[in-house]
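**Student:** based on what follows, work out the 3D shape:
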Amino acid sequence: MNRQIRIDIVRLALVSLLALVLVGALTLAMKQFALAQGASDPTLHLTPTTLNVSEVGMTSTHEVEVSNVSDLYGVEFSVAYNPNVVQPLDMEPGTTPGVQITVGPVFTDMGEDYYVGRNVAYTSTGAIEFQATLRSPASPFSGTGAVAFVTWECIAEGESAVTFTMSKLGSYPDGGAIAHVASGGTVICSDGGGTVDTPTLSGRVLLQGRNAHDDIYIFVTTDQSGIEAADIALESPIPGVPYTVTNAAGDFSLLLYEPPAPYELPYKCLQAIHKGYLLGQYCPSGGFTADENLGTITLPGGDATGDNKINIFDLALIAARYNSDDETADINGDGTVDIYDLVITAGNLNTSGPVEDWQ
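**Tutor:** Next up, the predicted model:
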């Protein structure tokens, strides 16, 4: 093979390689252009757009959702509503002054790697202000997810628009603003015509070793299996789920709210929970369909670790904080971690919840 033939072969190979590179680059550019043309803009919106609440006094929940975002790290928004028709439920009762909405899983799924800078509802003027951000080492969020929940209670018949008066989405790592569209929704409160009576559940829950039995949280849930105490955060009740707290005698009365027609109540189980105690539960066959008095149940004390089990780890924690005022280890709530807390825990060793011996 002479020198000229070899040069021609090399040139042909180089031209072929260049053609392949150009074709690949063109294909990639066309795909990116097609994706850009078909992609939706980032949005901040309410889901569902319209909430229909069947009767005054009942509740329903708006999900504040971001969609189609990339590298989201912080969210800030303000919404306006008609305070004469609806009011947001306080989802942090007894822990934070004022009225707070629920922080969504975009942040809470990061464990403790987020910060809430502002969460307050102005119930007299009809405004909610919310501000939250992820924090290191959390990775930025991309996709679609809930940043907050607003559970509305209808206080009068009528209709309330829920509008975003301000919204900002912040990105990471550049710290810039994410351009987006914000869209609100509506809550419609009916007069209750055509509804059926909703059941009221009542009973008494006692805390072993205590004389006062107030502030035990009473929830209803939709599932009869896989329930653990850790699933319920006292500082943030389940959005849209009825709950109440006991009085000093341990008594409670809980009105179950109905969804829209056909008014089939979805709630299957009632749960009673208090820090330091095993979870109490009542799950009737077929759920709750009529007024019912559950009777009385006593929650065993000693679950200092909060895993719905009483074992050697609870004893070890209490012993380690002996003679302190640590609330986690102070099972009987008398202000001091002492022999009484150890006695209660030791007597319930190797037991676990939920307990269901209502009498």
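**Student:** so Pro88 is in contact with Asn119, correct?
**Tutor:** No: using C-beta atoms under 8 Å, Pro88 is not in contact with Asn119; the gap is 10.7 Å. (Each C-beta comes from the backbone N, C-alpha and C, glycine too.)
**Student:** which one's more surrounded, these two?
**Tutor:** Neighbours were counted for Pro88 and for Asn119 using other C-beta atoms under 10 Å; Pro88 has more, 25 against 20.
**Student:** host element of the residue lying closest to the more buried one once chain neighbours are set aside?
**Tutor:** With C-beta to C-beta, 6 or more residues apart in numbering as the criterion, Pro88 has its nearest non-adjacent residue at 4.8 Å, and that residue is Ala121. Assigned by DSSP states H and E, Ala121 belongs to strand 114-122.
**Student:** pull the CA atoms of that strand into PDB?
**Tutor:** Extracted C-alpha coordinates of strand 114-122, given in PDB (Å, rounded to 0.1, in the frame of the first residue of the first chain):
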ATOM      1  CA  TYR A 114     -34.900  21.700  57.400                       C
ATOM      2  CA  TYR A 115     -35.800  25.000  59.000                       C
ATOM      3  CA  VAL A 116     -39.200  26.800  59.300                       C
ATOM      4  CA  GLY A 117     -38.600  30.500  59.400                       C
ATOM      5  CA  ARG A 118     -42.300  31.500  59.500                       C
ATOM      6  CA  ASN A 119     -45.600  29.700  60.000                       C
ATOM      7  CA  VAL A 120     -48.500  31.700  61.200                       C
ATOM      8  CA  ALA A 121     -52.100  32.300  60.300                       C
ATOM      9  CA  TYR A 122     -53.800  35.700  61.000                       C
END
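**Student:** direction included, what does that strand pair against?
**Tutor:** When pairing is defined by DSSP bridges, strand 114-122 lines up against strand 127-134 (antiparallel).
**Student:** identify the residues contacting the partner strand?
**Tutor:** Identification of contacts with strand 127-134 by C-beta atoms under 8 Å, 6 or more residues apart in numbering yields 64, 73-81, 88, 101, 103, 107, 110, 113-122, 140-141, 147-148, 150, 165, 170, 172.
**Student:** mark which of these are buried, thanks.
**Tutor:** Using 16 or more other C-beta atoms under 10 Å as the burial test, these include 64, 73-81, 88, 101, 103, 107, 114, 119-121, 141, 147-148, 150, 170, 172 as buried.
**Student:** any regions of the stretch 251-359 of the chain where pLDDT drops low?
**Tutor:** 257-266 (pLDDT under 70).
**Student:** and with 80 instead?
**Tutor:** 255-268, 285-290 (pLDDT under 80).
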